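Peer 1: coordinates for the following, if possible.
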Amino acid sequence: MSDTSTATDKRRDLTEGSIAKTMLLFALPTLGSSALQSLNGSINAVWVGRFLGEEALAATANGNILMFILISFVFGFGMASTILIGQAMGSRDEAMVKRTMGTALGSIIPISILVSAVGWIFAPTLLDLLGTPPSAVDLALTYLRMIFVAMPFTLTFTLIMMALRGTGDSTTPLWFIIISVIIDLILTPTLILGLGPFPEWGIFGSAFATAVANTLALVGMVVTMYLRGSVLTLSMPELRFLRADREILKSMFSKGLPMGLQMIVISSAALTMLSLINREGVQTTAAYSATQQLWTYVQMPAMALSAAASAMVAQNIGANQWDRVSGITRWGLIFNVMLTGAIIGVLTIFDGTILGFFLGSDSEALPIGRHIQLMATWGFIFFGIAQVLFGTMRANGYVIWPLIVMVISMYPVRLGFAFGLYPLLGEDALWLSFPAGMVATALMGAGLYLHGGWRQGKNLVAEEAAQGSEGYLAHGGTSASCRDIAPTTVWRKLLPLRRITRLHRRLHRRLYRHRMIKNNK
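Peer 2: Model (predicted):
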């Protein structure tokens, strides 16, 4: 890394050392962040379910699904930024890191403000389309509109955390997730119940507490990044990078849009499933909402390991160290089976006790929730396998075929299973459709990893990969635009002349090795 970086900058070089150890050191803070966020959501669900009732819990389930579908766009955009940043870090190009971060922030903030305004206006229509139970509509509308108000802060917080992980720093996001969770855990019961001098805001208080916690954590994280001299921070002259660079933005959207659409596919399928579940009554919807809390924990290792695989592979591609990529994938799969399998085992043994925290031990929804958990949770092992494979492939910009896989597994497989077998299996068709879709995703993902073209461009020599940064640095970093600079060489298809040049170099290297072996004999 640059010699100018400060000693307090927490970024980590992911191109050196033991792959297994590096992956764990990177993934565990990410896993901790996910665990804390999930724990916070679970505790809030306990407060809502136990003190505001099952209608309020059903309302949060409907609101959270809609929030997830909106964050999906930022996920794709953020993942594209993370990959670009990771590859620029691997090639030691800090100028491109800053340009990428500026473009990401300068684009996502106005977009999130627009989404917030549109979401507020059309929130009733969205809930109506979702088929929200009538008894939960008013509560869901209050909750959802507060989520939309906080959307710009929530999405910016998410984007910056993902960018930090692209630099190899998964520790700083963990600390500010801890701060956010502590604030939320204090404010949520206070504002729901109106403790002390605070107003009794009910479900609005739950959403407001989360918004305040995320906003304060965002401010604290940005201040800390500047104090540490993070490579992602922009000085006064560098604020011009907030004006989106057309070529970088094009790369972000060309790769980020398919990744965002993957999440949209998952979300839209979840919305369709929720509309089917809502038809079964408020008890089933509440049971499903509580079971979703358990699933959040089950999928945490998969998401953390997928993020670790993406960051590590991106940096190693940037450093032209393709020999480490298969090892990163292998260890990601091993850790996924171990960690996800252990969590599923614990939840299977103690599901009644854990679901009782959300629903109450005497709730009519409790046996429904236990049945859902037993029927569906085992499929998350296959979910984790797919996420690690997709994490590896998207680090080299391979995003279109994984999107097609998600469309197939969510619609023809999952929804086809649910609709087609419902007359035969009843509600069980809904629950079994989840593992059916996950198994299909893992099988198709493995086929892409083994036989897909995601490795295209791996033989680019280091000099070619560095051409963009050298062109920028040659002008002292003062050019107002980088239209002539490719953000990352490995995402471009090779032109015919370049393919010939690459083949010539490979033949030259083989001939050289042959001569050396002959001379040694």
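
Peer 1: state the helix or strand in which Pro423 lies.
Peer 2: Assigned by DSSP states H and E, Pro423 belongs to helix 416-425.

Peer 1: what is that helix packed up against?
Peer 2: Where contact means 3 or more C-beta pairs under 8 Å, 6 or more residues apart in numbering; DSSP states H and E, helix 416-425 is packed against helix 246-278, helix 427-451. For glycine as for every other residue, the C-beta is placed from the backbone atoms N, C-alpha and C.

Peer 1: got a markdown table for these, with mean neighbour count too?
Peer 2: Converted to a markdown table, the helices and strands packed on helix 416-425 look like this (neighbours: other C-beta atoms under 10 Å):
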| stretch | mean neighbour count |
| --- | --- |
| helix 246-278 | 20 |
| helix 427-451 | 20 |
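
Peer 1: so which of those helices is nearest Phe148?
Peer 2: When these are compared by C-beta to C-beta, helix 246-278 sits nearest Phe148, at 15.8 Å.

Peer 1: could I get the average pLDDT for the following helix or strand past that closest one?
Peer 2: Counting by DSSP H and E, the next helix or strand C-terminal to helix 246-278 is helix 282-298. Averaging pLDDT along helix 282-298 gives 85.

Peer 1: chain center to helix 282-298, what's the gap?
Peer 2: 20 Å (C-alpha atoms, centre = their mean, to the nearest Å).

Peer 1: and the angle for it with helix 246-278?
Peer 2: 140 degrees (axes from the mean of the first three to the mean of the last three C-alpha atoms, to 10 degrees).

Peer 1: give the buried residues for helix 282-298.
Peer 2: Within helix 282-298, the residues that count as buried by 16 or more other C-beta atoms under 10 Å are 282-298.

Peer 1: below-threshold pLDDT in the stretch 1-150 of the chain: ranges please.
Peer 2: For the stretch 1-150 of the chain, applying pLDDT under 70 flags the ranges 1-13, 50-51, 54-55, 58-59, 61-63, 65-66, 68-75, 130.

Peer 1: all helices for it, in order.
Peer 2: In the stretch 1-150 of the chain, the segments counted as helices under DSSP state H, counting those that start in this stretch are 19-51, 54-90, 94-130, 137-166.

Peer 1: ok so, going back, next, the residues that contact the helix holding Pro423 from outside, please.
Peer 2: 273, 276, 429-430, 432-433, 436-437 (C-beta atoms under 8 Å, 6 or more residues apart in numbering).

Peer 1: switch to 6 Å and redo it
Peer 2: Residues from elsewhere that reach helix 416-425, judged by C-beta atoms under 6 Å, 6 or more residues apart in numbering: 429-430, 433, 436.

Peer 1: not counting sequence-adjacent ones, nearest residue to Tyr226?
Peer 2: Residue nearest to Tyr226 in three dimensions, not counting chain neighbours: Thr233, with 5.1 Å by C-beta to C-beta, 6 or more residues apart in numbering.

Peer 1: in which helix or strand does Ala207 reside?
Peer 2: Using DSSP H and E, Ala207 sits within helix 203-228.

Peer 1: ah, wrong one, I meant Gly352
Peer 2: For Gly352, the host element (DSSP H and E) is helix 325-359.

Peer 1: now the angle between helix 19-51 and that helix, please.
Peer 2: Using the same axes, to 10 degrees, the direction of helix 325-359 lies 20 degrees away from that of helix 19-51.

Peer 1: now the element after helix 325-359, going C-ward?
Peer 2: Next helix or strand after helix 325-359 toward the C-terminus (DSSP H and E): helix 366-376.

Peer 1: taking helix 246-278 as reference, get the angle to that following helix.
Peer 2: Helix 366-376 runs at 130 degrees relative to helix 246-278, counting by the same axes, to 10 degrees.

Peer 1: that older thread, just the buried positions in the helix holding Pro423, please.
Peer 2: Buried residues in helix 416-425, defined by neighbour count with 16+ other C-beta under 10 Å: 417-418, 421.

Peer 1: from the middle of its chain, how far away would it be?
Peer 2: Counting by C-alpha atoms, centre = their mean, helix 416-425 is centred 30 Å from the centre of its parent chain.

Peer 1: what's the answer for stretch 111-126, then?
Peer 2: The answer for stretch 111-126 is 22 Å, by C-alpha atoms, centre = their mean.

Peer 1: start at 591 instead
Peer 2: Noted, 591 is the first residue going forward, which turns the last one into stretch 701-716.

Peer 1: quick one: buried residues of that stretch?
Peer 2: Neighbour counts over stretch 701-716 (16+ other C-beta under 10 Å) mark 702, 705-706, 709, 713, 716 as buried.

Peer 1: with just CA atoms, put that stretch into CSV.
Peer 2: Output of stretch 701-716 as CSV, limited to C-alpha atoms (Å, rounded to 0.1, in the frame of the first residue of the first chain):
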residue,chain,number,x,y,z
ILE,A,701,-30.9,8.5,-5.7
SER,A,702,-31.7,7.6,-2.1
ILE,A,703,-33.4,11.0,-1.5
LEU,A,704,-35.6,10.4,-4.6
VAL,A,705,-36.5,6.9,-3.5
SER,A,706,-37.4,8.2,0.0
ALA,A,707,-39.8,10.7,-1.5
VAL,A,708,-41.4,8.3,-3.9
GLY,A,709,-41.7,5.6,-1.2
TRP,A,710,-43.5,8.0,1.2
ILE,A,711,-46.1,8.9,-1.4
PHE,A,712,-46.8,5.3,-2.7
ALA,A,713,-46.5,3.5,0.7
PRO,A,714,-50.2,2.8,0.9
THR,A,715,-50.3,1.4,-2.6
LEU,A,716,-47.3,-0.8,-1.9
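
Peer 1: just to revisit the earlier point, for the helices and strands packed on helix 1006-1015, which has the smallest mean pLDDT value?
Peer 2: Confidence, taken as mean pLDDT, is least for helix 836-868 of the helices and strands packed on helix 1006-1015 (a mean of 78).

Peer 1: ok, back up a step: what's the spacing between the residue nearest to Tyr816 and Leu754?
Peer 2: 11 Å (C-beta to C-beta, to the nearest Å).

Peer 1: more neighbours, those two?
Peer 2: Neighbour tally, Thr823 and Leu754, criterion other C-beta atoms under 10 Å: the higher count belongs to Leu754, 26 against 15.

Peer 1: adding distance to Asn910, write the helices and strands packed on helix 1006-1015 out as a markdown table.
Peer 2: A markdown table is the format used below for the helices and strands packed on helix 1006-1015 (distance: least, C-beta to C-beta, whole Å):
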| stretch | distance to Asn910 |
| --- | --- |
| helix 836-868 | 19 |
| helix 1017-1041 | 21 |
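
Peer 1: Phe925: which of these is closest?
Peer 2: Here helix 1017-1041 is closest among the helices and strands packed on helix 1006-1015 (C-beta to C-beta), at 15.6 Å.

Peer 1: hang on, the earlier thing: and the buried residues of stretch 701-716, which is closest to Thr762?
Peer 2: Using C-beta to C-beta, Ser702 is the member of the buried residues of stretch 701-716 that lies nearest Thr762, at 21.6 Å.

Peer 1: pretty sure the closest one is touching Pro742, no?
Peer 2: Yes. Counting by C-beta atoms under 6 Å, Ser702 does reach Pro742; the two are 4.2 Å apart.

Peer 1: overlap in contacts of those two?
Peer 2: Counting by C-beta under 6 Å, 6+ apart, nothing touches both Ser702 and Pro742.

Peer 1: wait, what's in contact with Ala966?
Peer 2: Per C-beta under 6 Å, 6+ apart, neighbours of Ala966: 1021, 1024-1025.

Peer 1: and the gap between Thr612 and Ala859?
Peer 2: To Ala859, Thr612 is 34 Å away according to C-beta to C-beta.
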